[in-house]
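**Q** Pasting the sequence and the predicted coordinates here, then a few questions.
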Amino acid sequence: DPAKMTPPVVAQIESSLSGLCVNVVNAFTSEVEQETCHTNSSYYYTFEPVDSEYRIRSGSTGKCLQVLSGNATAGASVVQGVCSDQSHSLWTLTGGGADQQVVASHSSLCLTVEGDDINSGALIVQGI
């Protein structure tokens, strides 16, 4: 039923620890890191509903956040790649407000900053 479809949401992904935002470093690499929040498209993501999960598409590259090679362990890199409905490319949202978390569907691990680093340039990984 089209009337029950949830529209996509466009938002920044901000670390509650550092106050920095997830950013696509370079359109030609797969790296994703945290940087000072800005208004350009590389700092915005479209959360596209897929049943009860989301594909998270970069505003600058059109690629989606995914866990590298479908790795299910804590510390695995989060990268941008071809958008798909594979579980390592889908995410759920838990909590709300400042406590909202982005959780990888295949591993149940959260989108986080490597080593709880609060500095600009720290890589994004999945973790506990």
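**A** Structure's in. What do you need? Numbering: from 1, shown residues only.

**Q** Could you use CA atoms for every contact and neighbour count after this?
**A** Will do.

**Q** Which residues does stretch 14-27 contact?
**A** Contact with stretch 14-27 is made by 12-13, 30-37, 42-44, 58, 60-61, 80, 98-99, 112-113, 116-120, 124, as judged by CA atoms under 8 Å, 6 or more residues apart in numbering.

**Q** Of these, keep whichever come out buried.
**A** The neighbour count (16 or more other CA atoms under 10 Å) marks 12-13, 30-35, 37, 42-44, 58, 60, 80, 112-113, 118, 124 as buried among the contacts of stretch 14-27.

**Q** Count the residues that sit near residue 75.
**A** 19 (other CA atoms under 10 Å).

**Q** which ones are touching it?
**A** Taking CA under 8 Å, 6+ apart as the test, what residue 75 contacts is 114, 125-127.

**Q** can you count the residues close to residue 64?
**A** Residue 64, neighbours per other CA under 10 Å, totals 23.

**Q** Same check on residue 17?
**A** By the measure other CA under 10 Å, the count of residues near residue 17 is 11.

**Q** For it, give its distance to residue 98.
**A** 10 Å (CA to CA, to the nearest Å).
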